[in-house]
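**Student:** Kindly generate the corresponding structure for this input.
(3 chains)
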Amino acid sequence: MTPVPTARKIDTGKQRQARIVGGLLIALAVLVLFVFAPDAPGAATFRLSRPTDPWVVPNLVIPAGPFTYAIAALLAFLGVRQFLRGGVRWTSISLGFGLALLVAAFLVWATTGKAFSLTGMLQATVVRAVPIALGGLAGVLSERVAVVNIAIEGMLLAGAFAGALAGSVLGGVGGLFAAVAIGGLFGFILAALVVTYRMDQIIAGVVINLFVLGLTSYVSSQVFQEYRHLNNAPVFRSIKIPLLGDIPVIGPVFFNQNLFVYGAVIMVLVATYYLFYTRTGLRARAVGEHPKAADTLGINVYRVRYINVTLAGMVAGFGGAWFTLGSVGRFDEGMTGGRGYIGLAAMIFGRWHPVGALMAALVFGFADSLQQKLALLQTPIPSEFLAMAPYIATIIVVAGLIGRARAPAADGEAYVKE
Amino acid sequence: MTNETTDRVVKAKLIGRTDFEDMILVPVIAVVAALLLGALTMLLTNVDLATIVRSYVALAVGSFGSLNALSETLTAATPLVLAGLGLALGFRAGLFNIGAEGQILMGGMAAVIFGFSFAGLPSAILLPLSLLAGVLGGALYASIAGWLRATTGAHEVILTIMLNSIAYRLVDFMLSMPAIQKAGRADPISKPVPEAAELPRLLTWIDPNLRVHAGVFLMLAAVIVVYWVLFKSKLGFEFRASGKNPEAARFAGMRSGLIIVSAMAAAGGLAGLAGANQVLGVLGRATPGFSAGIGFTAISVALLGRSHPVGVLIAGLLFGALEAGGRQMQVDAGVSIDLISIIQALIIVFIAAPLLVRAIFPWGFRKAAGSRE
Amino acid sequence: MDVELRGITKRFGEVVANADVNLTIRAGEVLGLLGENGAGKSTLMNVLSGLYRPDEGEILIDGKPVAFDGPGDAIRAGIGMVHQHFMLVPVFSVAENVVLGVEPTGKFDFLDLKTARRQVREINQKYGLEVDPDAKIETLPVGVQQRVEIIKVLFRSADVLILDEPTAVLTPQEVLEFFEIVKALRDAGKALVFITHKLNEILEIADRISVIRAGRIVGEGDPKKLNRKELAEMMVGRPVSFDVIKAPYAPGRDILEVKDVTILRDNDEIAVDHVSLSVKSGEIVGIAGVQGNGQSALIEALTGLRRVASGAVLYLGDDITHASVRARHKMGVAHIPEDRHRAGMIADFTVAENMVLDTYYDERFSSGPQINWKAVNARTAEFTHDFDIRTPSVFAQAGHLSGGNQQKLVVARELSRETKLVVAGQPTRGLDVGSIEYIHQRLVEARDTGDGVLIVSSELDEILALSDRILVMFKGRIVAEFDATKGTVDKGAIGLAMAGVAA
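**Tutor:** Residues are numbered from 1 along each chain as shown, chains lettered A, B, ... in the order given. Next comes the predicted model:
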C-alpha cells in the first residue's frame, strides 16, 4: 500500500469558530432541558390582540412541556450538526436561530401558567429600539468616514434637551428641527475638533459627552427649575397607517407607531442607499478606507468627513428627540442613560452597516423590553443581567469569539494633508 | 525626499512646541479660557454680572480660602489623582482605558465587602487588607479588558466602555443580594463599613467636620511609586516602549501580551484603590453608581497632567478644587454645580487640541512659531 | 502634451526637498528620473501631481503656466500619477477603484457600476491590459494591482503618466511585462516619467535621463551614450564601487539549521511550506524572492516573533523552535528588522533608551527591578563613538537623527552584542548609497569574524553582491539554490526561479 500524502489541512480560525458555536448550542440545549423544563404540566398564554382590534386573533396557547423538549432537541440537533460538520457558512445563521430558540423557551417557561401580551412586548421592542438604532446609524455614518464616534451619547442627550426646550416654545415640529440642528451642531464640533484641530478622536468624543452632560444638567437645574413651562413639550402620538395597521400582530408592532419609528426606518434605508449605491457614498467609504487614495483622486477628505460627521450628529439629534418629544415631553438630567453606548454596540454588532445596526438595535430593544416584563412575570432571574446583555454581546463580538467584525480600515486615524 | 522625512518634518511642525508652551502655557490658557467660557455660559442663562463675580469668588474661597475648603479640595482630589495615575500609566503604555469608572466601582465593592465581612479584625490589619481588596477588585476587572485585548486584539476603548456599563448593573445587582444589602432596607444599599476599616480622618482634632482623611497619604505615595515605575524601573521602560511603538517593543523581545495585561491591571488597581478610598474614607458604604463620574473626570485629570505623575497630582488638585469650590458656589451664589462639569470639559478641549488654543490665542505663541518656520 | 517644470523649489520647514528644478516632459517619450532614496524625486512628482504646492517656480503645460490647487486640478489637466505605494482601496472592486472621483452616475446620484465595468473593459482592450473589473483589490496580486493603477490614470484620460518606483514590487518577469505596457503607452503618444534608483532599468526603458541629487538636477543625458558607472557617479556624487570585498569563503560549523519548517500567517494561510535550510559560521546566505512569498514569516519565525507550526529550528545544535525572542537574543541572535523605523527603534525615545531597547534587562544596565541609567548612558556614549553615530547627545530623541544615523543606531545595537547569527530583512531598502555601503560592510565584517549571516532581500543585485549561497523562495518553498562562491551566478536563472519557473 502506498502512503497517502498528508493533506494540507490547517485548523483554520473559521472551523474553530464553527466548533465553538456548536459547543455553545449543545450547552444551550442542556440549559433549556434542565432549567426551563417545567415542573408540572401547564401552558403559556400569549395574547396577540386586544378585544378592541378589528380582527381579533385567538390567543397563542403553548403547552410548556412538549414545547421545551422540542426546543432542546432542536438546539441539540443544530449544535451536533455544527460540531461535526463544521459548516462554516451556517455558523452565524445557526447561532442566531439558536439564540431565538433560547429566547422562545425562556418566554414560555416564564409565562407558564400565566398570560401576557406578546404583541405589546414586540411593540415596546420596536419603540425601545429607536434611539439605539439611530445612535447606531450615527455611528455608522461617522465611522464609515473613519471618525470614531464615542460622542453618540452626548449627541442623543443634546437632541433630547433641544427637543424639550424648543418643543416647549415652538411646538413639536419646532422641537424636532431644533433637536436635529443641535445634534448636527455637535457633529460639526466633533468634526472640527478631530479634523481641523486634530484632537484625538476618542478624547474628543469623551469630552463632548462630558460637556453635553454638564451643559444640559446645568441648564435644567439653573433654568428649568425656575421656568417649568420651558420644559413641557408636546409629544408626537402614534400614527396608524390605514389597512396595514389593522393586520393582527404586525399592524400594531410596525404600522401603528409614532413619527420616530417611521423616521428611523426611513433613515436607515436612505443611509443604506446613500452609502452603498451612490457616488457620494462611494467617495465617503473611500475616505474611511484609504483617505490618501481618495485625496490623490481629488476627493476633499476633510470636507467629506465634516459633512458625514455632521449628518451623523443630525441623525443622533433626531434620535435624542425621541426621549422627550417621542415619549415623556420633559427633559431630565442624563436621561439617555447610556443608550448612546448601546448604539455604539449596535453599530459594531451590525458590522458598520445601517441595516445591521437596525437589526442589532431590535435585538437590544427586545432585551430592554424583556427586562421590563421580567418584573411583571416574577421570574427569579435578576433583570440586571438582561440589562447587561447588549454590552456582553458586544464584547463577544469585538473579541472575535463568534466571527469578527471589520471596521473601516482608517477608523480613528487623523488624516494629515501634506 | 522620502515619505519618512516628510513625515518627520510634518510631525516636528505639529508637536515641536517648546516644553514651556506644552507644559505650562497651554494648560494655563486652557484653565483661564474655560473659566471665561463658564462665565459666558452663566451670562447666557440669565445670571447677572454681580452673581457671576460672586460665584467665582465663592469658587476660590470654597477651594482654597479656609482650612475646611482645603480639606474639601484634598478630599475631592484624592480619588481623582489615584484613578488619574492609573489612567496615565495606561496612556503611557498605549492603552486608552476609559474603564476607570467601572474599575472604581468594582474596587469599591470589593473593599466594602471585605470590610464588613471581616469586621472583627483589628484596624491595623483590616484597613490595609480592605484597601488591598479594592486594588485587587479594580485590577481584576481591568484585567478582563487587558486579557481580551492581548489575546484577541479587541480594542480596549470599546471593551472598557462596555465594561463600565456592565459594572453599573453588576453593582445594582450586588447591592440587592441579601449578603451585601443592609439589613432591613428595601433600596439597594450595602452594609456599612466597620469603623476599623475606615480611613482615619486627620484633622478632627481641630474641627470634627473636616473630612480630609488618610487617603491623602495614599495619594502621595502613589504619585511617588508611579513615578518610580514609569521612569526608573524595567517594567516602566517596557510600558513606555510598547506605548510608543508596540512593534519595536515586540521585536526587542518584550512580551506585548503580558505588558498589556499588567499595564491594565496596574491601571485598574489604582482605580480600584480610588474606589476603596471613596467607600472607606468618604462614603462609608456602597450605593448604586457611587463612583459618581470620578472615572471620567480622571481621564481629564490624566490628560491635563500630561500623563506625568506630578502633572496628574497638580491636575487632580485643580479639579478637586473646582469640585470643592463648586459646592460653595452653589450655596453662596445659587449657581448650579453642574457648571463645574462644563468648565472641566472645556479645559480638556483646550488641552487636547493645542492647535485650537493656538488658533484662538495666536499671540502667546507667535514668537516661538516664527523662530521655527 | 508637453509639460515643463521651471525653477521648482519646495521646502519642508528648514529642509529643502527641491531646489530650482527644471524639467521637460514630452509626448511620446519616456523620461527617466534617476535619483537616490531621499534625493527629492517623489517630492518633485508630488508637486507635479498637485499633492504639494511648490514654494517657488511654475509648471507650464504646452507653454501655458498652470497652478494646481490639489490633485483634482492636475488630473483635470491630464497628469496622472501611479504611486509607489498603491492608492487603491483594498475592499473595493477594480471598477469602483478606477472610477472613484469621476464616477458615472444616474438619477439620484446613483452609482452606475454597469457603465464603469464597461469602460474598464474598453481600456483593457485598447492597451492590452488584462484585469477583471469585478475582482476585489485585496484578492489581486501586486502586479495586477499596478495595472489597475495604470487603468485608473488612463481612465482619467491622462496624457502624462508619472510612474514612481514602479518595479519595486514586481518579479523580474513582471518587470518585463510592465516594460511592454510602458512602451505601448509611449507609442500611443503618452508622455511618461519613470522614477527609479535602479540603473539597469533606467538604461533599458528611458529615452532621456535626468539625474536628481539632493533636490537638484545634476545631469541629463541620452541612455544610449551613458553607462552604468557614469550614471551611478552622477547620482551619488562620487565614484561608487559595486563590489563588496570579502575574506575568502571558509565556512565553519552549522550555526542555524531549519528542518522541514511550516509557518502560518495570521489568517492561518500557509506562509512557509516545509522549508529546510542551514547557515554556517562564516558565510552569508541570501534568500532571494519577490516580497510576499513567505520570507518575512520565515524571518519572524527564526527570531521568535512567529510560531512555528511544524518542523524544528536548531541553533548551534540546540532546539530553539519555541524559544522566546529574548531567549534567542541572549543566545546571540541579532535581528536587523526589515522596517527599522517601525520595528527597530522608537522615534520618541532618546538615543540611550533605544540603545538598550533589547538589553535593558541585562545586569550591565539594571539591578533588580531598577534600570541603572548612568551605566546605560555611559555605554551609549561609547557605542555612538564606535559606530560613528552623529548625535548631539545620548539624550537626543532618536527620531531627530538623520535617516542614516537611525540606521546605524539599530545596526550598532544589534551587532554590539555577542552575536553568532545575524538575521537581516531587506537590509538596505530605502537607503542612500552611503548607508548601503555602511550596512553591507558591517554584515560582511560579521561574516568574516565567524558569524552566520542570513539575508532576505528582494533586490537581486544586493543578494548577488553579498551572498555565498543563494536560496530562492517562491510561494513558501525554497525552489532553487545557487552556489555563489564559484564564479558568477546566472542572474536569469535566479529571476526565473523567483517567478516560480522551476529550473
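**Student:** give me the residue from the stretch 201-350 of chain A nearest chain B.
**Tutor:** In the stretch 201-350 of chain A, the residue that lies nearest chain B is residue A:214 (2.9 Å; C-beta to the nearest C-beta). C-beta coordinates here come from the backbone N, C-alpha and C atoms, glycine included.
**Student:** what about the closest residue to residue A:210 other than its chain neighbours, how many neighbours?
**Tutor:** Distances taken as C-beta to C-beta, 6 or more residues apart in numbering or on different chains place residue B:345 nearest to residue A:210, at 4.2 Å, with adjacent residues excluded. For residue B:345, the neighbour count with other C-beta atoms under 10 Å in any protein chain shown is 24.
**Student:** correct me, but residue B:345 touches residue A:205?
**Tutor:** No - the criterion here is C-beta atoms under 8 Å, and residue B:345 misses it with residue A:205 at 11.8 Å.
**Student:** which residues touch residue 23?
**Tutor:** Assuming you mean chain A. For residue A:23, the contact set (C-beta atoms under 8 Å, 6 or more residues apart in numbering or on different chains) comprises A:79, A:83.
**Student:** right idea, wrong chain: chain C
**Tutor:** For residue C:23, counting by C-beta under 8 Å, 6+ apart, the contacting residues are C:4, C:5, C:8, C:31, C:33, C:44, C:210, C:217.
**Student:** quick one: pLDDT of residue 71?
**Tutor:** Picking chain A for this. Here, the pLDDT recorded for residue A:71 equals 89.
**Student:** please go with chain C instead
**Tutor:** On the pLDDT scale, residue C:71 is placed at 85.
**Student:** And the one 3 residues further on, by the same measure?
**Tutor:** Turning to residue C:74, the model gives it a pLDDT of 90.
**Student:** What's the local residue count around residue 94?
**Tutor:** Looking at chain A here, since you left the chain open. Close neighbours of residue A:94, defined as other C-beta under 10 Å, add up to 21.
**Student:** wrong one, chain B
**Tutor:** 20.
**Student:** near chain A, which residues of chain C?
**Tutor:** Residues of chain C that fall close to chain A, judged by C-beta under 8 Å from any C-beta of the partner chain: C:49, C:51-52, C:70-73, C:75-76, C:81, C:83, C:87-92, C:96, C:100-103, C:105, C:108-111, C:152, C:264, C:267-270, C:309.
**Student:** so of those, which ones are in strands?
**Tutor:** Applying DSSP state E to the residues of chain C next to chain A, the entries found in strands are C:81, C:264, C:270, C:309.
**Student:** Make a markdown table out of those and add neighbour count.
**Tutor:** Shown next, in a markdown table, are these (neighbours: other C-beta atoms under 10 Å in any protein chain shown):
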| residue | neighbour count |
| --- | --- |
| C:81 | 28 |
| C:264 | 20 |
| C:270 | 18 |
| C:309 | 16 |
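**Student:** Which residue ranges make up each domain of chain B?
**Tutor:** For chain B, the structural domains run B:7-47+B:335-373, B:71-334, going by automatic domain parsing.
**Student:** ok and the residue in chain B nearest chain A?
**Tutor:** For chain B, C-beta to the nearest C-beta, closest residue to chain A: residue B:341, 2.9 Å.
**Student:** who touches the closest residue to residue C:68 other than its chain neighbours in this structure?
**Tutor:** Leaving out its chain neighbours, the residue that sits closest to residue C:68 by C-beta to C-beta, 6+ apart is residue C:50, at 3.6 Å. Neighbouring residues of residue C:50 by C-beta under 8 Å, 6+ apart: C:68, C:69, C:70, C:71, C:72, C:73, C:74, C:75, C:79.
**Student:** Pick the one among those residues closest to residue A:392.
**Tutor:** residue C:71 (45.9 Å; C-beta to C-beta).
**Student:** Tell me the confidence at the nearest residue to that closest one once chain neighbours are set aside?
**Tutor:** With sequence-adjacent residues excluded and distances taken as C-beta to C-beta, 6+ apart, residue C:71 is closest to residue C:50, at 4.5 Å. Looking at residue C:50, its pLDDT reads 89.
**Student:** cool, residue C:41 as well?
**Tutor:** pLDDT at residue C:41 comes out at 87.
**Student:** Is it possible to get CSV of the ones in strands among the residues of chain C next to chain A that adds pLDDT?
**Tutor:** Shown next, in CSV, are these (pLDDT from 0 to 100):
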residue, pLDDT
C:81, 89
C:264, 90
C:270, 88
C:309, 91
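**Student:** rewinding a little: any idea which of the contacts of residue C:23 is closest to chain B?
**Tutor:** Nearest to chain B among these, with distances taken as C-beta to the nearest C-beta, is residue C:44, at 8.7 Å.
**Student:** Mind checking what secondary structure the closest one has?
**Tutor:** Here residue C:44 takes the helix state, with states given by DSSP: H, G, I helix; E, B strand; the rest coil.
**Student:** Can you get me a residue count around the residue lying closest to it once chain neighbours are set aside?
**Tutor:** Nearest residue to residue C:44, sequence neighbours excluded (C-beta to C-beta, 6+ apart): residue C:18, at 5.2 Å. Using other C-beta under 10 Å, the number of residues around residue C:18 comes to 29.
**Student:** Also residue A:229?
**Tutor:** Neighbour tally, residue A:229, other C-beta under 10 Å: 8.
**Student:** List the contacts of the residue nearest to it when sequence neighbours are not counted.
**Tutor:** Spatially, and ignoring its direct neighbours in sequence, residue A:229 is nearest to residue A:168 (6.4 Å; C-beta to C-beta, 6+ apart). If you count contacts by C-beta under 8 Å, 6+ apart, residue A:168 has them with A:175, A:229, A:230, A:231, A:232, A:233.
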